[in-house]
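>>> the amino acid sequence is not available; the structure is as follows:
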């Protein structure tokens, strides 16, 4: 009987471990996410190859910076969600500023129409609220 319980417990642990591993495998890392977003923007905005390269490079750099700041907050045991949102907003502003430098006016307008304008307004609203205005 004890052997059956131990065997059952081992199977449960194996199943849970395999499920956790499968979930980790399904989640692309930040570099894969950057590449997927660069590919998507190249298709949607009809970016030149050099523009797609800059998008990819910008995203890889800025996503890594954002994740590093998240990690610092996590290590500091910061539980305030607004701190994490502020970090994300800061890095998304940098990404948008970089995009504006190498997108044409038509590409920038299309980018804004795809939801970036709404995201920028939401960031500005959060910033104004944080500053107490």
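Right, received. Where do you want to start? Quantities reported herein were computed from a predicted structural model and do not represent experimental measurements.

>>> which stretches in this protein count as helices?
Listed in chain order, the helices of the chain (DSSP state H) span 2-26, 30-45, 49-75, 81-102, 105-111, 117-131.

>>> show me what the second one is packed up against.
When contacts are defined as 3 or more C-beta pairs under 8 Å, 6 or more residues apart in numbering; DSSP states H and E, helix 30-45 packs onto helix 49-75, helix 105-111. Backbone N, C-alpha and C define where each C-beta goes, glycine included.

>>> any idea of the mean pLDDT for the shortest one?
This points to helix 105-111. This predicted structure assigns helix 105-111 an average pLDDT of 96.

>>> and that helix, which residues are buried?
Residues of helix 105-111 classed as buried: 107-108, 110-111 (neighbour count, 16 or more other C-beta atoms under 10 Å).

>>> before we move on, what about the longest one?
Buried residues in helix 49-75, counted by 16+ other C-beta under 10 Å: 51-52, 54-56, 58-60, 62-63, 66, 69-70.

>>> ok, which pair from the residues you listed is furthest apart?
Between any two of these, the greatest separation by C-beta to C-beta is 27.8 Å, found for 51 and 70.

>>> ok, residue 54 - contacts?
The contact partners of residue 54, taken as C-beta atoms under 8 Å, 6 or more residues apart in numbering, are 98, 102.

>>> what's the pLDDT at it?
According to the model's per-residue confidence, residue 54 sits at a pLDDT of 96.
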